[in-house]
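Participant: Sharing a model prediction with you, sequence too.
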Amino acid sequence: MELSDPLCYQAVLARDARYDGVFFTCVTSTRIYCRPICPARPPKITNCRFVPSAAAAQEAGFRACLRCRPESAPDLGAWRGTSASVSRALALIEAGALDEGKVETLAERLGMGERHLRRLFSQHLGATPIAVAQTRRMNLAMQLIHQTDLSMTDIALASGFGSLRRFNECFQQLYERPPGALRRRAARMFSAAL
């Protein structure tokens, strides 16, 4: 969406919620920046500068409005609430944060306690962080078994397991068969298709 000063100013005058989080209004006379939906009296257009982010406003030397709280605009973490923390945790888990680390270390990276992180995962995902990491590792392992000729040891290490023994235990527990049986079955199905 192409934004122009007149369009942005019209959105400010109308307090148009569609533009909330799309741009911020920097008021040069007060050195404050606001959201388009701010309940304060609209400034004169000559005192307005429009920027695409709160960071740009702060970089330009403006401070956040205490009435509309621009830090809670849509698309910012505070607006999404606890789901933002869970999303950040999921991204870190996907990057391998729990392959060698602990949940406590992950929670510290997110700026919260381990117990609170477990509570958020339970609330939003119905599973613990360890279970989510385990599922990610097993899904990757299944993909590697089906799509590569890597040895089981290489698959175990590539998918984030610390040892072949732990990989075999988890696989057996989840699929009630060893990983080699799955590879043999896939090979039989492939040769039968030829």
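Facilitator: Nice, thanks for sending it over. All of these numbers come straight from a predicted model, not from anything done at the bench.
Participant: Can you name the element that comes right after the worst-scoring helix or strand of the chain on mean pLDDT?
Facilitator: When each helix and strand of the chain is scored by mean pLDDT, DSSP states H and E, helix 77-80 comes last, with a mean of 47. Toward the C-terminal end, the helix or strand that comes next after helix 77-80 (DSSP states H and E) is helix 82-94.
Participant: Who are the packing partners of the next helix or strand after that following helix?
Facilitator: Where DSSP H and E defines the elements, the next helix or strand beyond helix 82-94 is helix 97-100. If contacts are counted by 3 or more C-beta pairs under 8 Å, 6 or more residues apart in numbering; DSSP states H and E, helix 97-100 sits against helix 103-110, helix 129-147. (C-beta placed from N, C-alpha, C; glycine too.)
Participant: Tell me what angle the longest one forms with helix 82-94.
Facilitator: With axes from the mean of the first three to the mean of the last three C-alpha atoms, to 10 degrees defining the directions, helix 129-147 sits at 50 degrees from helix 82-94.
Participant: possible to save the helices and strands packed on helix 97-100 as TSV with mean pLDDT and mean neighbour count?
Facilitator: Listed next are the helices and strands packed on helix 97-100 as TSV, based on pLDDT from 0 to 100; neighbours: other C-beta atoms under 10 Å:
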stretch	mean pLDDT	mean neighbour count
helix 103-110	90	17
helix 129-147	85	17
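Participant: Figure out which of these is closest to Asp20.
Facilitator: helix 103-110 (26.0 Å; C-beta to C-beta).
Participant: just the angle between the closest one and helix 129-147, please?
Facilitator: Using the same axes, to 10 degrees: helix 103-110 against helix 129-147 is 100 degrees.
Participant: Name the next helix or strand downstream of helix 103-110, please.
Facilitator: Criterion used, DSSP H and E; the element after helix 103-110 is helix 114-125.
Participant: Find the residue at the geometric middle of this structure.
Facilitator: Ser87 (3.2 Å; C-alpha atoms, centre = their mean).
Participant: From Leu120, how far out is that one?
Facilitator: Computed with C-beta to C-beta, to the nearest Å, the distance linking Ser87 and Leu120 is 10 Å.
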